[in-house]
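Colleague: Here is my input, please return the structure:
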Amino acid sequence: MNIGQTAKASGISAKMIRYYESVGLITPADRSGAGYRIYSARDVQVLNFIRRSRDLGFKVEDIRDLLQLWRDRSRKSASVKKMVLGHIRTLEQKVVELQEMLDTLRTLADSCSGDQTPACPIIDTLEAGVSTAGNGPEEIPQGQARHRKGREFREGRSGV
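Modeller: Numbering: from 1, shown residues only. Prediction:
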């Protein structure tokens, strides 16, 4: 198969296939006499494994380890499970962080009147440098949302 056919069969773009080859995630493809990449059914299997791993949020480094475990028929399933449990913890933390961002954005949106005036507590808060990753309460002009590590604090005249 050429790279276009392989991309279609695996659901991975030709650009990403070339990238995975360049970082050593897949072995370099054989080449035709004209220099075109040629892929086998086995290459498509590997690419499908990579795509499914990426769909589950694994990073390239982790996929490299998963591929090694997949190829090692004497592997211990405990090794695979340990890796997946670590990934689950990472994803759970990301879920918490995303929820904190949503909460902060909702609070900011609630604090803005959304009318025709230029006054905007959202812009003012962003200008003040408030971050969802802050370690402590930060000073924000009165009437705007305050945020401390994802927990909302409300104050002032915004009525929020």
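Colleague: use CA for all of it now, contacts and neighbours both
Modeller: Noted.
Colleague: ranges for the helices of this protein?
Modeller: 3-10, 14-22, 41-55, 60-71, 77-111, 121-128 (DSSP state H).
Colleague: Tell me where the model's unsure across this protein.
Modeller: The model of the chain has pLDDT under 70 over residues 130-160.
Colleague: what's the distance between the residue lying farthest from the centre of it and residue 3?
Modeller: Centroid-distance maximum for the chain: residue 33 at 39.3 Å, with Cα atoms, centre = their mean. Taking Cα to Cα, to the nearest Å as the measure, residue 33 falls 15 Å from residue 3.
Colleague: Could you pull up the residues touching the residue nearest the centre of the chain?
Modeller: Note on the chain: the residue nearest the mean C-alpha position is residue 57, at 6.5 Å, using Cα atoms, centre = their mean. Contacts here follow Cα atoms under 8 Å, 6 or more residues apart in numbering; on that basis residue 57 touches nothing.
Colleague: Tell me how far it lies from residue 67.
Modeller: 15 Å.
Colleague: go on, residue 19?
Modeller: According to Cα to Cα, residue 19 stands 16 Å off from residue 67.
Colleague: Settle it for me: which of the two has more neighbours?
Modeller: Higher neighbour count among residue 19 and residue 67: residue 67, with 17 against 13, using other Cα atoms under 10 Å.
Colleague: tell me the contacts of that one?
Modeller: Applying Cα under 8 Å, 6+ apart, the residues near residue 67 are residue 49.
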